[in-house]
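Colleague: Got a predicted structure here, sequence first:
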Amino acid sequence: MTQRATRPTPPTGRHRSALRHTLAGIATLLMLAWALPATAAATAAAGQTGRTTDSDTATRRQQTAVKHISDAVGVVHTMSNETGMPALLGRARGVFIVPTYGRAALGVGGAGGAGVLMARRADGTWGNPAFFDIGGLSIGLQAGAEGGPLAFVLLNQKALDSFRNRNNFSLSADAGLTVVNFARMAQGSTAGDVVVWSGNKGLFGNAATVGVNDVRYNQRLTEAYYGKPMTALQAIDSTETNAQADALRKVLGSPPAPAGSSAKARGH
């Protein structure tokens, strides 16, 4: 007896649906296997780009900070030629130097200008720089004045503490500080908490006192300069040696001689 061949049973609708799902799953796995390396490479490239951008920004800020210090050296050279200024610097607790104030400073830092603070340590030597921006002059600025370099000589601890203890403050009578215009000072005068010098003789006109608003700690610039997180107080009170500011320390002058040292020297 001849046995007939058995024909395969055609797939039912349920079987066809399961087959389609299986094939779709395989296709998805193949696509993922292809896409994952590309995604990982793209993510790594994006991360590298981000790190490069951050590094470039930090480098630019550091270069800007170093330039501010270099420019400040030139400002101190100029102001030290003024009669009476070396004596003021000799007894200063600190000095805040803004190399460029006014329209030319826009885009460099702050609404008015970016500056470098140098404070004197307990042993009389100059410490490390910290960076601050200033806004507008509240008193004394003459209409139409173009600006120029400024320097604020801080004559007592109260004036220096404005920079040490607050990230946003003013140097003015409203803040309890007398800010005297150097151009109007009588020779030998010791009045005032702060003496402000301007490289532009017409900037303050005949104003005897001056005020400056909106002094702000520039944390980004300071941290880029030191390469690590740094508060204003940490930068000002730091006992580390920062050689990049050596030229500025030198031009600011040696620590004042102790009282009576001249007499002792003569006695020997």
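Modeller: The structure has been received and is ready for your questions.

Colleague: quick one: contacts for Phe169?
Modeller: Phe169 sits next to 162-163, 175, 215 when contact means CB atoms under 8 Å, 6 or more residues apart in numbering. From N, CA and C alone the C-beta is placed, and that goes for glycine too.

Colleague: Try it again at 6 Å.
Modeller: 162, 215 (CB atoms under 6 Å, 6 or more residues apart in numbering).

Colleague: So it: helix, strand or coil?
Modeller: strand (DSSP: H, G, I helix; E, B strand; the rest coil).

Colleague: And it, what's its pLDDT?
Modeller: pLDDT for Phe169: 91.

Colleague: If it is in a bridge, with which residues?
Modeller: Val215 (DSSP bridges).

Colleague: now the one 10 residues further on
Modeller: Beta-bridge partners recorded for Val179 (DSSP bridges): Val194.

Colleague: Please shift the residue numbers so they start at 536 in all later answers.
Modeller: Shifting the count to begin at 536 puts that one at Val714.

Colleague: so how far is Ala622 from it?
Modeller: 18 Å (CB to CB, to the nearest Å).

Colleague: And those two? Which one has more around it.
Modeller: Neighbours per residue (other CB atoms under 10 Å) separate Val714 from Ala622, with Val714 holding more: 25 against 12.

Colleague: was I right about that one contacting Val729?
Modeller: Yes - using CB atoms under 6 Å, Val714 is in contact with Val729, at 4.4 Å.

Colleague: Give me the common contacts of the two.
Modeller: Leu706.

Colleague: got the residue ranges for the helices in the stretch 586-735 of the chain?
Modeller: Counting by DSSP state H, counting those that start in this stretch, one finds helices in the stretch 586-735 of the chain at the ranges 620-625, 692-700.

Colleague: Any buried residues in the shortest one, and which?
Modeller: Which is helix 620-625. If you call a residue buried by 16 or more other CB atoms under 10 Å, then helix 620-625 has these buried ones: 620, 623-624.

Colleague: ok, so of these, who is nearest Met720?
Modeller: Leu623 (8.9 Å; CB to CB).

Colleague: contacting residues for that closest one?
Modeller: 688, 730.

Colleague: same check, this time on Val750
Modeller: Counted by CB under 6 Å, 6+ apart, Val750 has contacts 667, 669, 704.

Colleague: same check, this time on Thr757
Modeller: Contacts of Thr757 (CB under 6 Å, 6+ apart): 665-666, 765, 770.

Colleague: Take those and lay them out in a markdown table including distance to Ala742 and neighbour count.
Modeller: Formatted as a markdown table, the contacts of Thr757 follow (distance: CB to CB, whole Å; neighbours: other CB atoms under 10 Å):
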| residue | distance to Ala742 | neighbour count |
| --- | --- | --- |
| Ala665 | 28 | 30 |
| Phe666 | 27 | 28 |
| Met765 | 35 | 20 |
| Ala770 | 31 | 25 |
